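Peer 1: Give the three-dimensional model of this entry:
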Amino acid sequence: MVTNGTHSAKAPSYTWAWVTTATLAIAMVISFIDRFALSLLVEPIKASLAISDAQIGLLHGLAFGLFYSILGIPCGWLADRWSRTGTILLGLFVWCLATAACGLAGSFAGLLVARMFVGAGEAALAPAAYAVIYERFPRAILNRALTLFQAGAVVGAGTAFYIVGALYDWLEPIGLVDLGWLGASQPWQTTFLLVALPGLALLPVLWWVLNRRVGAAHGATPAATADPRSKGTKVIPYLIEDRAFIAAIFIGMSGLLTMSYALLTWIPAIFVREFQWVPGEIGRIYGAVVLFSCMGGMFAAAWIADRLSSRVRSAFSALRVPLYAGVLAIPAALVFLLASGPIGVLIACAALHGLCTCSIGIAPALIQRRSPEDIRSRISALYVMVVNICGLAVGPILVGSVVQLLGSGAPALRTAVFIVGGGGLLVSVATLGFFLRRQSAVGKVPTEQSV
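Peer 2: This next block holds a predicted model:
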């Protein structure tokens, strides 16, 4: 590293930056466990509350997904204008209490409201955390740092099925649990109450880690590679000026994540209906598939993106990774639809998860590098809003609606996931391919600024 024109005697240490990133990744793990606990409890909740697949889609989509997506914008504003640390801690507290409230719900309406608050709380984490991490790392390792944070989503999604499945299998023989004045709790309700506890335990640890003072990785200006108009920048003018890039990365990632979230939401129910698996069995096996396939895909993609950025020196070179991943995911989706047994479905799921989530660290890194400093959390929040409206809000609702159209047969749910997720893949490939081709054709391939 160069300081005042001479080489410093000691290379900068990013040890505490990695500790901060790892702690934020743990928060991400907890958020995904709380988020996807519902997926493994679909069948007992349907039986207990007498609700339909369309209503389950509303619990995933309208209740959680829409609130999580839309409230990311005010949470991003709060992080930029107030405190990124305070925003993260407040969000963690809210979503943990709301997860516990899911366990106290005795009706569809009560569960719907509780899921809304889970989404509202979790909306605070990613936009603020992206900016916190960006400020602590140089550009050369930013992809890997943000990939570590995003790995928390993969670990959370994978372990959610294992933990929730094991908890439910343990609680089911116990039956009703007396909670005193709160009444009797069914096994699925007690499961929600238990998975809410780790987040509350993490609160003081996260507060201590985030409040430790560290220097900015980019010197006096944390946004060393961002647009130089970093003071007083307005969100709308920036979005208009950089609209081609914003549209490409927002729509491209939305299509990929629509498939991934559709699988995470509905695979447990597919295995119960088609192959008569029990929740604990699904959790152990599918959780491992999600964990290892996504982790492998993410870190391989981060390494490839760093190599592309160093060799091609184009601001958009890393976008080739999600484009090629989307192309490869299309035949994997066909295998998912046509597989006749659980092993074939799991193999297809492994390929789809690895390909569709491999760029979830790359996309935020690109956004952080191109966004002006004082609106960075809000641009990140907008990105989170768009991809999650598609993946968490619209996707589950569409799948539930398509199932209603196809009928109640066992394969209908898998077909609906293929239709919705496959459509997302086609949109992603078309959008990213058009953007990169257009940039190449007109010669507008900006190079990275030197650090």
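
Peer 1: Low-confidence bits of the stretch 201-350 of the chain, can you list those?
Peer 2: 213-233, 309-315 (pLDDT under 70).

Peer 1: show me where it has helices.
Peer 2: Along the stretch 201-350 of the chain, counting by DSSP state H, counting those that start in this stretch, helices occupy 235-241, 243-275, 279-312, 320-338, 342-356.

Peer 1: I'd like those laid out as a markdown table, including distance to Pro187 and mean neighbour count.
Peer 2: Glycine gets a C-beta too; all of them are placed from N, C-alpha and C. Output for the helices of the stretch 201-350 of the chain, formatted as a markdown table (distance: least, C-beta to C-beta, whole Å; neighbours: other C-beta atoms under 10 Å):
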| stretch | distance to Pro187 | mean neighbour count |
| --- | --- | --- |
| helix 235-241 | 46 | 14 |
| helix 243-275 | 15 | 23 |
| helix 279-312 | 10 | 20 |
| helix 320-338 | 30 | 19 |
| helix 342-356 | 24 | 22 |
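
Peer 1: Any figure for the gap between the residue nearest to Gly158 when sequence neighbours are not counted and Leu167?
Peer 2: Nearest residue to Gly158 in three dimensions, chain neighbours excluded: Leu291, at 3.0 Å (C-beta to C-beta, 6 or more residues apart in numbering). Plainly put, Leu291 is 17 Å away from Leu167 if you go by C-beta to C-beta, to the nearest Å.

Peer 1: Please apply the same query to Phe108.
Peer 2: 22 Å.

Peer 1: So for these two, which sits in the more crowded spot?
Peer 2: More neighbours surround Leu167 than the other of Phe108 and Leu167, with 23 against 17 (other C-beta atoms under 10 Å).

Peer 1: Give me the spatial nearest neighbour of that one, chain neighbours excluded.
Peer 2: Nearest non-adjacent residue to Leu167 (C-beta to C-beta, 6+ apart): Thr191, at 4.9 Å.

Peer 1: who are the neighbours in contact with the one you found?
Peer 2: 37, 41, 103, 164, 167-168, 171 (C-beta atoms under 8 Å, 6 or more residues apart in numbering).

Peer 1: is it fair to say it lies in a strand?
Peer 2: No - under the criterion used here (DSSP: H, G, I helix; E, B strand; the rest coil), Thr191 is helix, not part of a strand.

Peer 1: Now do it, the pLDDT please.
Peer 2: Looking at Thr191, its pLDDT is 91.

Peer 1: Over to the one 5 residues further on?
Peer 2: Turning to Ala196, the model gives it a pLDDT of 92.

Peer 1: for Glu43, same thing?
Peer 2: 82.

Peer 1: so which helix or strand takes in it?
Peer 2: helix 42-49 (DSSP states H and E).

Peer 1: what's that helix packed up against?
Peer 2: helix 53-58, helix 108-122, helix 187-195, helix 243-275 (3 or more C-beta pairs under 8 Å, 6 or more residues apart in numbering; DSSP states H and E).

Peer 1: Format these as CSV; extra columns: distance to Gln368.
Peer 2: Listed next are these as CSV, based on distance: least, C-beta to C-beta, whole Å:
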stretch, distance to Gln368
helix 53-58, 33
helix 108-122, 20
helix 187-195, 31
helix 243-275, 12
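
Peer 1: Ok, which of the ones you listed comes nearest Arg84?
Peer 2: helix 108-122 (15.6 Å; C-beta to C-beta).

Peer 1: which residues are in contact with the helix or strand that that closest one is followed by?
Peer 2: Going down the chain from helix 108-122, the next helix or strand is helix 125-134, by DSSP H and E. Here helix 125-134 makes contact (C-beta under 8 Å, 6+ apart) with 17, 20-21, 24, 27-28, 31, 72, 75-76, 79-80, 84-85, 87-88, 91-92, 142, 145-146, 149, 210, 222-223, 364, 367-368, 376-378, 380-381, 384.

Peer 1: do you know which of the helices and strands packed on helix 42-49 lies nearest Leu406?
Peer 2: helix 53-58 (10.8 Å).

Peer 1: What residues sit buried inside that closest one?
Peer 2: 53, 55-58 (16 or more other C-beta atoms under 10 Å).

Peer 1: Could you export it as PDB, CA atoms only?
Peer 2: Output in PDB follows, covering the C-alpha atoms of helix 53-58 (Å, rounded to 0.1, in the frame of the first residue of the first chain):
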ATOM      1  CA  ASP A  53     -51.400 -23.000  -0.700                       C
ATOM      2  CA  ALA A  54     -52.500 -19.500  -1.900                       C
ATOM      3  CA  GLN A  55     -52.600 -18.300   1.700                       C
ATOM      4  CA  ILE A  56     -49.200 -19.800   2.400                       C
ATOM      5  CA  GLY A  57     -47.900 -17.900  -0.700                       C
ATOM      6  CA  LEU A  58     -49.300 -14.700   0.900                       C
END
